[in-house]
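Undergrad: Quick one, fold the following:
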Amino acid sequence: RVGLPLPKPSRQEAEKEKTRHKLSDIMEAACVFFQKQLFSPAGEAARTYLKGRGITGAIAKQFRLGYAPIGSALTAHLEKMGFDKNDCRALGLLALNESQNRWHDYFYDRVMFPILDRRRRVIGFGGRLMTKGEPKYLNSPETELFHKGEQLYALSQAIETIRKTNAAVLVEGYMDVIALHAAGFTNAVAPLG
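TA: You can find the predicted model right below:
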């Protein structure tokens, strides 16, 4: 309106943004899939585990918690949605058994904690075993979207309170953050790396 030319992204910048948008769509689809699994019959053990840790259904929905089922259900789901398996692999959602030339889910039989950026876009996941075993937590690898050393878990949920109070509560992990938010300490966050 004032006659100033708007900056135009370079072709390379436009391509990069298009790729990021496509990858974000895949992560969102995976998150929705995990959420549905948590509240399906397959997610009964995960719901029992979360209830035992004091996490209600409302809190699970608030933090978009999910369940990664046993098998390769996510692989089939993402393939059905038309997503490229190599893109899904680059995001740490799928893995390829090269000796058998068979794709499978990276996360399985774990409670899933989506990691969101400040704009509430899903950029990664943390998956926790519900029984004894190793690794207890399995996290998304570094990707185009996710750089764990630059992120705080639950920052998107906590940022408004942090701004209002000019303070943050830094705790160790996902469950600590969720427990504090449930207790009214909505400025709690956790480092991811």
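
Undergrad: right, and residue 130 touches residue 46 too?
TA: Yes. Using Cβ atoms under 8 Å, residue 130 is in contact with residue 46, at 6.3 Å. All C-beta spots, glycine's among them, are computed from the backbone N, C-alpha and C.

Undergrad: who's more crowded, those two?
TA: Neighbour count, other Cβ atoms under 10 Å: between residue 130 and residue 46, residue 46 has more, with 26 against 17.

Undergrad: sec struct for residue 143, please.
TA: Following DSSP: H, G, I helix; E, B strand; the rest coil, the label given to residue 143 is coil.

Undergrad: gap between it and residue 169?
TA: Computed as Cβ to Cβ, to the nearest Å, the residue 143 to residue 169 distance reads 28 Å.

Undergrad: which residues do residue 130 and residue 46 both contact?
TA: Here residue 130 and residue 46 share the contacting residues residue 111, scored by Cβ atoms under 8 Å, 6 or more residues apart in numbering.

Undergrad: Would you enumerate the residues in contact with the residue nearest to the spatial centre of the chain?
TA: Central residue of the chain (Cα atoms, centre = their mean): residue 114, 2.3 Å from the mean position. Applying Cβ under 8 Å, 6+ apart, we find residue 114 in contact with 31, 34, 63, 64, 65, 66, 122, 124, 125.

Undergrad: how does it look with 10 Å?
TA: Neighbouring residues of residue 114 by Cβ atoms under 10 Å, 6 or more residues apart in numbering: 27-28, 30-32, 34-35, 63-66, 120-126, 140, 153, 174.
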